[in-house]
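> Next comes the sequence, and after it the predicted model I'd like to discuss.
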Amino acid sequence: MLTASTERDLEAAFTTIVKRQAGALVVMPDPFFTDRREQLVALAARYALPTIYPNREFTDLGGLMSYVGNFIELNQRVGMYVRKLLKGAKPADLPVQQSIKFELVINRKTAKALGLTIPPTPLVRADEVIE
């Protein structure tokens, strides 16, 4: 696992990833990465590194794919929690929640540029395929 907290760190991380001969990269959800999404997508393209991103904004910019919990569903769950808290529930008594709906977006144009063939099953299951 590598970390980055500055733009220079991102460049260095990609250099390290290439030296380690990583086969792919997973970008974790983080405001720092979202703010630098153009740089991350450009670095992944420069180093021909298949990358999955934490939201579709990256994929719309040319990233290979994104997989993320459905924001509408997440916001509904937050609303239910707030309602329970306002009615007097103790936070410690509320169960841990996670998304049950996810969005998969695949950028086929980027896959072709990387020399990758996406198998039919993920393409059929994707919520959107960018041609």
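Alright, I've got the coordinates.

> Can you show me the helices along this structure?
Counting by DSSP state H, the segments of the chain that form helices are 7-19, 31-35, 37-46, 56-60, 71-86, 108-113, 120-125.

> can you redo these as TSV with distance to residue 93 and mean neighbour count?
Every C-beta, even on glycine, is put in place using the N, C-alpha and C of the backbone. Below are these laid out as TSV (distance: least, CB to CB, whole Å; neighbours: other CB atoms under 10 Å):
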stretch	distance to residue 93	mean neighbour count
helix 7-19	41	14
helix 31-35	30	13
helix 37-46	38	18
helix 56-60	35	21
helix 71-86	9	12
helix 108-113	45	16
helix 120-125	36	10
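
> where among these is the average confidence lowest?
Mean pLDDT is lowest for helix 71-86 among the helices of the chain, at a mean of 88.

> Show me what that helix is in contact with.
Helix 71-86 is contacted from outside by 91, 94, 97, 99, 100, 101, using CB atoms under 8 Å, 6 or more residues apart in numbering.

> Let me know the closest of these to residue 42.
residue 99 (28.8 Å; CB to CB).

> what's the closest non-adjacent residue to that closest one?
In this structure, residue 99 finds its nearest non-sequential neighbour in residue 69, 3.1 Å apart by CB to CB, 6 or more residues apart in numbering.

> For that neighbour, list the residues it contacts.
Residue 69 sits next to 98, 99, 101, 102, 103 when contact means CB under 8 Å, 6+ apart.

> in the protein, which residue is closest to the centre?
Nearest to the geometric centre of the chain sits residue 54, at 1.6 Å (CA atoms, centre = their mean).

> That residue touches residue 28, doesn't it?
Yes - using CB atoms under 8 Å, residue 54 is in contact with residue 28, at 6.3 Å.

> picking up where we left off before, any idea how far the residue nearest to residue 99 is from residue 81?
Here residue 69 is placed at a distance of 15 Å from residue 81 (CB to CB, to the nearest Å).

> try residue 26
From residue 26 over to residue 81 the distance is 28 Å, taken as CB to CB.

> Kindly report the same for residue 55.
22 Å.

> what do you get for residue 6?
Applying CB to CB to residue 6 and residue 81 gives a distance of 35 Å.

> Thanks a lot, catch you later.
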